[in-house]
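In: pasting the structure only:
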């Protein structure tokens, strides 16, 4: 069977990497298409994947509108050339459009309720839409809910084992308490009108956090000069090894908040955007969320001064893992089933 996996964000590389490998192990041909978003190409290169470059949607609304047609055309050209049986992508309207026009099965994943534009662009054309059971929006008859979340596809202990020796390689002390801090760029279409940290409070936030744990910042954009010394400098494809040994995650990024929860690391999510999978982790006691910078700091201090915080989160993680499925196996089986005749 021939399959196209479409990637439009660095997180999608992680989401699909074991799916791609398992499909290839089962003898299927997998063609990877990818658009440039932050470090998506770098991650694909680090993992040794060959891929077809689609280009970038750009940052401004006008660029996104124009490039929507450009990248749609490139996907159509790719599907015409390779003639896949099944296409899969996360929120990928270009895969849905190409699959529909060529009469191919198209499976679209989504976990972002507020991505209304993307949903409107792919929903009429997709064959099937897969969402976590905690997804808060009803997408109609094409929607199939499963007990899991995207981050389980690559951070489930079946697939990921953190390596503490990498901390030594990066100069991170195994005995020092540290926190991972995430700032996003707010350039995605679904981020319009939303916010996380108050910009003028970032420096003070980091200074206060540093009293309890060493902050390591990962940021989509440039940092103020005074925050630059805190920037995390490790290979992008190995960040989960660092996160696994952190005392805390705090940030605007929902994906990293979920990743931390899956790893059993206490998380604080600061963002006006509400997501079903974030609520799910909060329900397990793995995460706290707020829209207020000062409240986020208070949550961080609560986690960092609680000597039992990590043990509580590890126990909560075990409960979560017991309740959820192997998402990679589920996606592989769903693709194989879609590709069968009839």
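Out: Structure received. From a predicted model like this one, the values you see are computed outputs, not experimental measurements.
In: hey, let's count contacts and neighbours off CA atoms from now on
Out: Fine.
In: residue 15 - that's part of a helix, no?
Out: Yes - using DSSP: H, G, I helix; E, B strand; the rest coil, the assignment for residue 15 is a helix.
In: and it, what does it touch?
Out: Residue 15 is in contact with 150, 151, 153, 154, counting by C-alpha atoms under 8 Å, 6 or more residues apart in numbering.
In: was I right to think residue 179 contacts residue 250?
Out: Yes - shown here, residue 179 and residue 250 form a contact pair, counting by C-alpha atoms under 8 Å, at 7.4 Å.
In: what pLDDT is listed against the spatially closest residue to residue 331 that is not a sequence neighbour?
Out: Using C-alpha to C-alpha, 6 or more residues apart in numbering and skipping residues adjacent in sequence, the residue nearest residue 331 is residue 19, 6.9 Å away. Note for residue 19: predicted pLDDT of 98.
In: for residue 309, see how far away residue 247 is.
Out: According to C-alpha to C-alpha, to the nearest Å, residue 247 and residue 309 sit 9 Å apart.
In: mutual contacts of the two, please.
Out: Taking C-alpha under 8 Å, 6+ apart as the criterion, residue 247 and residue 309 both touch residue 266.
In: buried only: go through the contacts of residue 15 for me.
Out: For the contacts of residue 15, a neighbour count by 16 or more other C-alpha atoms under 10 Å gives the buried set as 150, 151, 153, 154.
In: what's the pLDDT at the last one?
Out: This points to residue 154. pLDDT, residue 154: 97.
In: with the one 5 residues further on instead?
Out: The confidence metric pLDDT takes the value 96 at residue 159.
In: centre of the chain to stretch 221-237, how far?
Out: With C-alpha atoms, centre = their mean, to the nearest Å as the basis, stretch 221-237 stands 20 Å off its chain's centre.
In: so for it, what gets flagged as buried?
Out: Buried residues in stretch 221-237, defined by neighbour count with 16+ other C-alpha under 10 Å: 230, 231, 232, 237.
In: end to end on that stretch, go ahead and measure it.
Out: Stretch 221-237 end-to-end distance (C-alpha to C-alpha) = 18 Å.
In: below-threshold pLDDT in the stretch 151-300 of the chain: ranges please.
Out: Along the stretch 151-300 of the chain, segments meeting pLDDT under 70 span 185-199.
In: rerun that using 50 as the cut-off
Out: 186, 188-196 (pLDDT under 50).
In: which residues in it form helices?
Out: For the stretch 151-300 of the chain, the helices defined by DSSP state H, counting those that start in this stretch cover 152-155, 165-170, 202-209, 239-244, 254-262, 276-283, 293-305.
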